[in-house]
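Colleague: could you work out the structure for the sequence below:
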Amino acid sequence: MIRTALLLCAGLVAALCFACVQQQAVPPAIPARSVDCSSPGNFASSVQILSAAFQPNPPNGNAPTSGGAINNPNIINDLSNAFSLAPQRLRDQLCGANGPAVRLFVQDCPGGGAACSVGSWGYRQRNNDVPFIALSAGLWPGGGHAIAYPEFERTVINNLVGDLGQTFTASNSTPEMTVLAVLAHEMGHILAYRKQVLNQPCGNVSPPVQQIFWRNAWSSAANPGYFHRFGVQFQGDQRLRGPSKNQAIGNPVVLGQIYGMPRNQQFADWASLLANVAPDEDLIETYKFMILNTANNFGSGRLTSLIITIPGVGNVDIIQGLFPDPNGFLIKKATWVRNCFI
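Modeller: Now for the predicted structure:
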């Protein structure tokens with residue numbers, strides 16, 4: 001899941017408060033509200049601020065309270081455009097067609113930096129099924145528009161294995177594509193737990209695939225619990241073939257193998273490096289790219305191409321080169337997600 005711990009940030013805030021000479025009045029908590037999906041503008045206006053001090057505690061723990069409305073016009077514009085770009089299936093999931101609607105926040109991340117840009121998270125409370133998603137304010141560095149989509153994907157890899165010189169080019173590089181990608185990823189995690197699909201068989205799939213999702217690329221799958229920290233591998237997760245994310249740390253050749261390079265020797269097994277981390281991330285990243293590939297005809301339109309280039313290793317188009325590969329596992333996983341998840 002695209003998130004990172006914010007304990008340090010919370011500690012700094014607490015330290016500053018203890019240093020205050022004059023006690024500050026604590027503002028009253030504002031109950032979180034569901035997103036308003038009546039229009040893209042109303043959707044953006046219904047997103048709320050969340051303090052960096054809040055720490056999610058699923059499944060039945062604390063619920064975030066609102067810090068008020070967002071007043072940054074760049075953030076509001078990107079949220080509105082992301083909703084316009086989102087396909088109807090994602091809108092339905094965000095807006096409560098099959099359960100409570102999402103409470104959506106932009107969470108402060110003091111200090112900024114690359115770690116903040118992967119600090120988003122999402123979960124649902126098991127006792128009442130209410131879902132929460134927090135987009136990290138690190139997606140909007142300096143208060144400007146969200147980072148370009150290719151830069152976001154590059155930053156995810158940087159936070160997983162280090163900067164190996166990889167670059168991305170995309171058919172849609174806009175800020176709204178970045179926001180849509182994060183929304184889809186976090187909504188995917190909520191759906192996975194809501195539907196309990198990771199170990200639930202799915203039949204009547206054509207062409208035939210393994211009925212349990214993870215069996216399409218994994219020989220065993222651990223239980224990630226209720227909140228999967230960003231980039232954490234579990235020993236119980238065993239891939240059917242190929243290297244793991246941890247083996248790619250500092251190693252561009254292994255990173256290339258995970259992305260199916262060189263194409264005449266490797267198979268298309270993973271939608272991304274994050275998908276290689278664990279079966280739940282595998283499911284969610286596959287779902288994310290299917291959402292992006294079926295986005296609405298708004299602005300620069302749906303994601304039809306995403307090329308990763310690793311210097312000295314090669315390049316591959318994830319959308320055009322990996323998903324259709326009949327020798328890879330990714331096409332089987334995409335078939336499963338299309339039939340059993342969205």
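Colleague: make it CA atoms for all contacts and neighbour counts henceforth
Modeller: Fine.
Colleague: Leu180: which element?
Modeller: helix 175-195 (DSSP states H and E).
Colleague: repeat for Ile75
Modeller: helix 73-85.
Colleague: now swap in Cys116 and tell me
Modeller: Applying DSSP H and E, one finds Cys116 within helix 114-117.
Colleague: what's the separation between the closest residue in space to Thr178 that isn't next to it in sequence and Ala82?
Modeller: Nearest in space to Thr178, with sequence neighbours left out and distances taken as CA to CA, 6 or more residues apart in numbering, is Tyr149 at 4.6 Å. According to CA to CA, to the nearest Å, Tyr149 and Ala82 sit 12 Å apart.
Colleague: find residues that contact each of those two.
Modeller: Each of Met177 lies in contact with both Tyr149 and Ala82 under the rule CA atoms under 8 Å, 6 or more residues apart in numbering.
Colleague: picking up where we left off before, following the helix holding Ile75, which helix or strand shows up next?
Modeller: Following helix 73-85 in sequence, per DSSP H and E, is helix 88-95.
Colleague: give me the contact list for that following helix.
Modeller: So helix 88-95 is contacted by 34-37, 83, 98-99, 101-102, 184, 187, 291, 342 (CA under 8 Å, 6+ apart).
Colleague: helix or strand right after it?
Modeller: Later in the chain than helix 88-95, the nearest helix or strand by DSSP H and E is strand 103-107.
Colleague: confidence score at the residue nearest to His185 when sequence neighbours are not counted?
Modeller: Leaving aside its chain neighbours, His185 sits nearest to Lys288 (5.4 Å; criterion: CA to CA, 6+ apart). Per-residue pLDDT puts Lys288 at 98.
Colleague: Lys288 sits in which helix or strand?
Modeller: Using DSSP H and E, Lys288 falls in helix 279-293.
Colleague: what's the average pLDDT for the helix or strand following that helix?
Modeller: As assigned by DSSP H and E, the chain's next helix or strand after helix 279-293 is strand 306-310. Mean pLDDT, strand 306-310: 98.
Colleague: which residues in the chain form strands?
Modeller: Listed in chain order, the strands of the chain (DSSP state E) span 48-50, 103-107, 121-124, 131-136, 167-170, 218-220, 238-239, 306-310, 314-317.
Colleague: now the ones you listed in CSV, with distance to Asn74 and mean neighbour count?
Modeller: Putting the strands of the chain into CSV (distance: least, CA to CA, whole Å; neighbours: other CA atoms under 10 Å) gives the following:
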stretch, distance to Asn74, mean neighbour count
strand 48-50, 14, 24
strand 103-107, 13, 26
strand 121-124, 21, 28
strand 131-136, 14, 25
strand 167-170, 22, 18
strand 218-220, 41, 15
strand 238-239, 41, 18
strand 306-310, 25, 20
strand 314-317, 30, 20
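Colleague: would JSON lines of these with distance to Gly113 be doable?
Modeller: Converted to JSON lines, the strands of the chain look like this (distance: least, CA to CA, whole Å):
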{"stretch": "strand 48-50", "distance to Gly113": "18"}
{"stretch": "strand 103-107", "distance to Gly113": "14"}
{"stretch": "strand 121-124", "distance to Gly113": "17"}
{"stretch": "strand 131-136", "distance to Gly113": "11"}
{"stretch": "strand 167-170", "distance to Gly113": "18"}
{"stretch": "strand 218-220", "distance to Gly113": "34"}
{"stretch": "strand 238-239", "distance to Gly113": "32"}
{"stretch": "strand 306-310", "distance to Gly113": "22"}
{"stretch": "strand 314-317", "distance to Gly113": "27"}
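Colleague: those strands: which one's closest to Pro56?
Modeller: Pro56 lies closest, by CA to CA, to one member of the strands of the chain: strand 121-124, at 8.1 Å.
Colleague: may I have that closest one as PDB, with CA atoms only?
Modeller: Provided in PDB are the C-alpha atoms of strand 121-124 (Å, rounded to 0.1, in the frame of the first residue of the first chain):
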ATOM      1  CA  TRP A 121      -3.100   5.200   2.900                       C
ATOM      2  CA  GLY A 122      -6.600   3.700   2.900                       C
ATOM      3  CA  TYR A 123      -8.500   1.300   5.100                       C
ATOM      4  CA  ARG A 124     -12.000   0.400   6.300                       C
END
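Colleague: return the distance of it from the chain's centre.
Modeller: Relative to the chain's own centre, strand 121-124 is displaced by 10 Å; criterion: CA atoms, centre = their mean, to the nearest Å.
Colleague: tell me the mean pLDDT over it?
Modeller: Mean predicted lDDT for strand 121-124 stands at 91.
Colleague: tell me which other helices or strands that strand touches.
Modeller: Applying 3 or more CA pairs under 8 Å, 6 or more residues apart in numbering; DSSP states H and E, we find strand 121-124 packed against strand 131-136, helix 175-195.
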